[in-house]
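**Q** sequence unknown, structure follows:
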């Protein structure tokens with residue numbers, strides 16, 4: 001099983017929708033579409049194996065079921081777990097020839113989710129940091145009385161952040177597989193600036 005560019009692009013688009021609050025609010029985005037159980041169904045539909053997608057989603061949902069983000073503090077990013085981790089786990093389970101319901105398949109899925117969840121934290125904070133730039137533009141527009149520009153700041157500019165930190169990483173990591181995730185994690189050491 002491999003992930004085509006089209007499938008990776010669809011996964012990237014859903015990852016953007018799961019993390020972009022303006023697309024239905026945090027309740028629909030992060031707390032529904034972004035959760036591994038729902039992500040497993042979506043990934044299964046996109047990759048053509050709903051049963052495997054749900055199995056991987058359930059395995060990862062068990063680990064992250066109680067994950068909350070108090071005050072915006074994120075220990076793991078469920079959007080990355082759902083739309084990078086689940087597709088990579090699906091590829092790994094299929095390529096290993098594991099039974100979907102086996103403990104080995106579940107362990108493989110959870111370890112893939114953990115690897116990507118940590119990396120997703122860096123992507124989450126990248127998005128948040130770039131969104132501060134858009135907020136600065138918004139405040140300047142308010143000070144000048146240019147209230148029409150607020151719509152651009154609220155609904156258009158955040159797409160740039162999410163394309164850079166959701167769509168592109170999901171597209172690349174899903175298409176190129178676990179090697180891309182491992183290479184990126186090695187490039188961002190735990191004691192490096194990005195992880196701190």
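**A** Perfect, I can see it now. Nothing here was measured: the structure is a model prediction, and the numbers come from that model.
**Q** just checking, residue 141 touches residue 157?
**A** No - if you go by C-beta atoms under 8 Å, residue 141 and residue 157 don't touch, sitting 11.2 Å apart. Any C-beta I mention is one placed from the backbone N, CA and C, and that applies to glycine too.
**Q** tell me which element the residue nearest the centre of the chain is part of?
**A** Nearest to the mean C-alpha position of the chain, counting by C-alpha atoms, centre = their mean, stands residue 80 at 2.4 Å. Assigned by DSSP states H and E, residue 80 belongs to helix 78-80.
**Q** pull the distance from that helix to the chain's centre.
**A** 3 Å (C-alpha atoms, centre = their mean, to the nearest Å).
**Q** list the buried residues for the helix or strand that comes right after that helix?
**A** Downstream of helix 78-80, the first helix or strand assigned by DSSP H and E is helix 86-96. Neighbour-count burial for helix 86-96 flags 86, 87, 88, 89, 90, 91, 92, 93, 94 (criterion: 16 or more other C-beta atoms under 10 Å).
**Q** the helix or strand just after helix 86-96 - contacts with which helices or strands?
**A** Downstream of helix 86-96, the first helix or strand assigned by DSSP H and E is helix 103-144. Where contact means 3 or more C-beta pairs under 8 Å, 6 or more residues apart in numbering; DSSP states H and E, helix 103-144 is packed against helix 50-64, helix 78-80, helix 86-96, helix 149-155, helix 157-162, helix 178-187.
**Q** fine, thanks again, bye for now.
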